[in-house]
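> Sequence and computational prediction follow.
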Amino acid sequence: MGKYVLGVDLGTSAVKVSALDHSGQIVAQESFDYDLIQKKPGYNEQNPEDWVSGTTVAIVRLILNDHLSASDIEGLSFSGQMHGLVLLDKDKKVLRPSILWNDTRSTPQREEIEAKMGDEFVDITRNQPLEGFTLTKLLWVKENEPDIWAQAKYFVLPKDYVRYRMTGNLAMDYSDATGTVLLDVAKGEWSKKICDTFDIPLSMCPPLIKSVDFAGTVTPAYAEFSGLTTATKVFGGAADNAAGAVGAGILHPNMVLSSIGTSGVVLKYEDTPDVNYHGVVQFEDHAIPDKYYSMGVTLAAGYSLSWFKKTFAPAEDFTDFVASAAKSTVGANGLLYTPYIVGERAPYADADIRGSFTGVDGTHQRYDFVRAVLEGIVFSFRDLFDIYEENGGDFDTVVSIGGGAKSSLWLQIQADIFNRKVVSLKNEQGPGMGAAMIAATGLGWFDSLQDCAETFVHFGKAYEPNPENAAKYAKMHKIYKQVYQQTKSISKQLLDYRREEL
Ligand SMILES: Nc1ncnc2c1ncn2[C@@H]1O[C@H](COP(=O)(O)OP(=O)(O)O)[C@@H](O)[C@H]1O
Ligand SMILES: O=C(CO)[C@@H](O)[C@H](O)COP(=O)(O)O
């Protein structure tokens, strides 16, 4: 039997664990779904214990159902949903459910940070202090749950907590640490200035490690729980978008990643930290040491489609449901969807905007609505491409990953709306692949992640833009761009109405 690495992709909708051999072939995959806890508008939480048990069930299934021998699993690493706050007490016990990346309750804390630090904050962290990021969540707990805050001794991010439960060691890798907006990116250390300004003990911030760093071996307790052996080595891992970029081979500035997971991401590899987007798009440390990436995030990308399906076609098969959009036309017979159903992050950093269908006509069929949702998500990505173009971005290839890349119709819609070649991967699991590549590199199977990519990353079908469709979509995108400004005030009034009703 050969030796394997596991890539643990701790997503928002599920954890997916992939086992890969030395040649980068996926030999087995298992996943486990979990839910969001949504107590109020703008609230999104998950229980860290669900991540641990979901990951463990997937590993147990790899061993029992897929007959992977535990002694052949040499190493594992992670791709983790970013920004989620996991608060731990002095014994490293979880104090409250994790407040996730798509939770937008912390607008007052965002405003407080902006008022106290202004541009200096963006200079240190290279990001705005948005509701989605960890610092505003920390301040929300400090101000709203003083009893919990009094017991809080450490904070980590989702995959760091799972890694801690496997190894007993607490740490955070740089690519996820930038997403807390507590990191001084130029110095590569936790920002004392930010911690002091907001009265957060520096001791709450975990030790920093690189993505490919060895983080410990599996503890005897976790070995018993999961069936792994205590010889399996665990490596740091990366933020899901950094891992996705590695797994999709985004290792050159001419390539852009388009990821349709629960969230949507347009991501660009950045060779140096010199480029400054002034926080309009996020700027993060990469999983590759001393490299960076920038990205714009659509909060509800795949989530928009899942919400629409769950609400209007719960019994239907997902693939058939998506495929029904082919019965509609380019531009969904004049129906437009904006995917702001949980607020938005980029290009509009607005927690209070909400989604819309515009142009609803008595002749529209359900398949027009499905098509409008698919297109609206990609129009929001097109907005992000526009930001890159305005900043002189020059790229010719878009690599598409995430659950959305399972649909060839959606991949063609991306090529037509971006008016660029869109390439899929042989396996759409970019983040899981990236996580496995981090383990393989950490183990010394390869000298670097770039070397590993040459063996592990395999592109699938390429989708070329259809000029006629691209022209139609350019017209629709111009109309789409007007919806935000024209619905902003109405959305705010409706959200206030909901908040009063609760
Ligand atoms: N067959 C499919 N065709 C197109 N999109 C799909 C399909 N199955 C799932 N999706 C989309 O993929 C999203 C989940 O993507 P995934 O990358 O697994 O997310 P995450 O990592 O956030 O858990 C879902 O929200 C859904 O909209
Ligand atoms: O908030 C961000 C990135 O800044 C999200 O991309 C999360 O990292 C969650 O990602 P998915 O579950 O959609 O992969």
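Thanks, I have the structure now. Numbers count the residues shown, from 1 in each chain. Ligands and ions are numbered 1, 2, ... in the order given.

> Next up, the contacts around Ala238.
Neighbour list for Ala238: 77-80, 173, 175-176, 211, 246, 286-287, 434-435, 438 [criterion: C-beta atoms under 8 Å, 6 or more residues apart in numbering]. Just so you know, the C-beta spots here come from the backbone N, C-alpha and C atoms, and that holds for glycine as well.

> Inside strands: which ones of the residues you listed?
Secondary structure defined by DSSP state E assigns 77-80, 173 of these to strands.

> residues near the nearest residue to Leu257 once chain neighbours are set aside, how many?
Excluding the flanking residues, the one nearest Leu257 by C-beta to C-beta, 6 or more residues apart in numbering is Leu267, at 4.1 Å. By other C-beta atoms under 10 Å, the residues close to Leu267 number 28.

> which regions of the stretch 351-500 of the chain sit below the pLDDT cut-off?
Across the stretch 351-500 of the chain, residues meeting the criterion (pLDDT under 70) sit at 428.

> need the strands for it, in chain order.
Here the stretch 351-500 of the chain has its strands, by DSSP state E, counting those that start in this stretch, at 356-358, 397-401, 421-425, 459-463.

> Packing partners of the first one?
Strand 356-358 sits against strand 336-338, helix 467-501, with contacts defined as 3 or more C-beta pairs under 8 Å, 6 or more residues apart in numbering; DSSP states H and E.

> partners of that strand in the sheet?
The pairing partners recorded for strand 356-358 under DSSP bridges are strand 336-338 (antiparallel).

> and if you look at the last one?
Strand 459-463 sits in its sheet next to strand 421-425 (antiparallel), going by DSSP bridges.

> Can you point out the buried residues in the partner strand?
Residues 422-425 are the ones in strand 421-425 that count as buried (16 or more other C-beta atoms under 10 Å).

> And ligand 1, is stretch 265-275 touching that?
No. Among the residues of stretch 265-275, none lie within reach of ligand 1 under C-beta under 6 Å from any ligand atom; the closest is 10.2 Å away.

> Can you give me the end-to-end span of that stretch?
19 Å (C-alpha to C-alpha, to the nearest Å).

> shaky segments in the chain?
For the chain (pLDDT under 70), the answer is 1, 428.

> one more time with 80
Scanning the chain with the threshold set as pLDDT under 80 gives 1, 396, 427-429, 502.

> Switch the helices and strands packed on strand 356-358 over to a markdown table; also include distance to Thr217 and mean neighbour count.
Converted to a markdown table, these look like this (distance: least, C-beta to C-beta, whole Å; neighbours: other C-beta atoms under 10 Å):
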| stretch | distance to Thr217 | mean neighbour count |
| --- | --- | --- |
| strand 336-338 | 48 | 24 |
| helix 467-501 | 48 | 14 |
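
> my guess is the residue nearest to Leu257 is in a strand, correct?
Yes. Counting by DSSP: H, G, I helix; E, B strand; the rest coil, Leu267 falls inside a strand.

> ok, back up a step: let's have the helices and strands packed on strand 356-358 in CSV, adding distance to Ile401.
CSV is the format used below for the helices and strands packed on strand 356-358 (distance: least, C-beta to C-beta, whole Å):
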stretch, distance to Ile401
strand 336-338, 22
helix 467-501, 21
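
> of all the ones you listed, which lies closest to ligand 2?
Closest approach to ligand 2 among the helices and strands packed on strand 356-358 (C-beta to the nearest ligand atom): strand 336-338, 18.3 Å.

> which residues are contacting that closest one?
When contacts are defined by C-beta under 8 Å, 6+ apart, strand 336-338 is touched by residues 304, 355-359, 369, 372-373, 375-377, 379-380, 476, 479-480, 483-484, 487.

> Indicate each strand paired with the host helix or strand of Phe155 and its parallel or antiparallel sense.
Taking DSSP states H and E as the criterion, Phe155 maps to strand 154-156. Sheet pairing here is set by DSSP bridges, and for strand 154-156 it gives strand 86-88 (antiparallel).

> chain center to whichever helix or strand comes after the partner strand, what's the gap?
Next in sequence after strand 86-88, counting helices and strands by DSSP H and E, comes strand 98-99. Chain-centre distance of strand 98-99: 15 Å, with C-alpha atoms, centre = their mean, to the nearest Å.

> Show residues contacting strand 98-99.
Outside strand 98-99, the residues touching it (C-beta under 8 Å, 6+ apart) are 44-48, 84-86, 105, 137, 140-141, 158, 161.

> which helices and strands sit right next to the helix or strand Lys310 falls within?
Assigned by DSSP H and E, Lys310 falls within helix 302-312. Judged by 3+ C-beta pairs under 8 Å, 6+ apart, helix 302-312 is in contact with helix 318-323, helix 366-390.

> Let me have those helices in CSV, adding distance to ligand 2 and mean neighbour count as columns.
Shown next, in CSV, are the helices and strands packed on helix 302-312 (distance: least, C-beta to the nearest ligand atom, whole Å; neighbours: other C-beta atoms under 10 Å):
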stretch, distance to ligand 2, mean neighbour count
helix 318-323, 16, 15
helix 366-390, 12, 22
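
> can you tell me which residues contact the residue of the chain found nearest ligand 1?
Distances between the chain and ligand 1 by C-beta to the nearest ligand atom are smallest at Gly403, namely 2.0 Å. Gly403 makes contacts with 13, 260-261, 302, 428, as judged by C-beta under 8 Å, 6+ apart.

> who in the stretch 151-300 of the chain is up against ligand 2?
Residues of the stretch 151-300 of the chain that fall close to ligand 2, judged by C-beta under 6 Å from any ligand atom: 179, 240-241, 261-263, 265, 282, 297.

> for the residues you listed, which one is nearest Leu36?
Nearest to Leu36 among those: Thr262, at 8.9 Å, using C-beta to C-beta.

> Extract the CA atoms of stretch 191-210 and return them as PDB.
In PDB, the C-alpha atoms belonging to stretch 191-210 read as follows (Å, rounded to 0.1, in the frame of the first residue of the first chain):
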ATOM      1  CA  SER A 191      -0.500  44.200  16.400                       C
ATOM      2  CA  LYS A 192       0.200  45.600  19.900                       C
ATOM      3  CA  LYS A 193      -1.200  48.900  18.800                       C
ATOM      4  CA  ILE A 194      -4.600  47.400  17.900                       C
ATOM      5  CA  CYS A 195      -4.700  45.200  21.000                       C
ATOM      6  CA  ASP A 196      -3.800  48.200  23.200                       C
ATOM      7  CA  THR A 197      -6.300  50.500  21.500                       C
ATOM      8  CA  PHE A 198      -9.200  48.000  22.100                       C
ATOM      9  CA  ASP A 199      -8.000  46.600  25.400                       C
ATOM     10  CA  ILE A 200      -7.500  43.000  24.200                       C
ATOM     11  CA  PRO A 201      -4.700  41.200  26.000                       C
ATOM     12  CA  LEU A 202      -2.000  40.300  23.600                       C
ATOM     13  CA  SER A 203      -1.900  36.900  25.400                       C
ATOM     14  CA  MET A 204      -5.300  36.000  23.900                       C
ATOM     15  CA  CYS A 205      -3.600  35.800  20.400                       C
ATOM     16  CA  PRO A 206      -2.300  32.300  19.700                       C
ATOM     17  CA  PRO A 207       1.200  31.500  18.500                       C
ATOM     18  CA  LEU A 208       1.700  32.200  14.800                       C
ATOM     19  CA  ILE A 209       2.900  29.400  12.500                       C
ATOM     20  CA  LYS A 210       3.400  29.000   8.700                       C
END
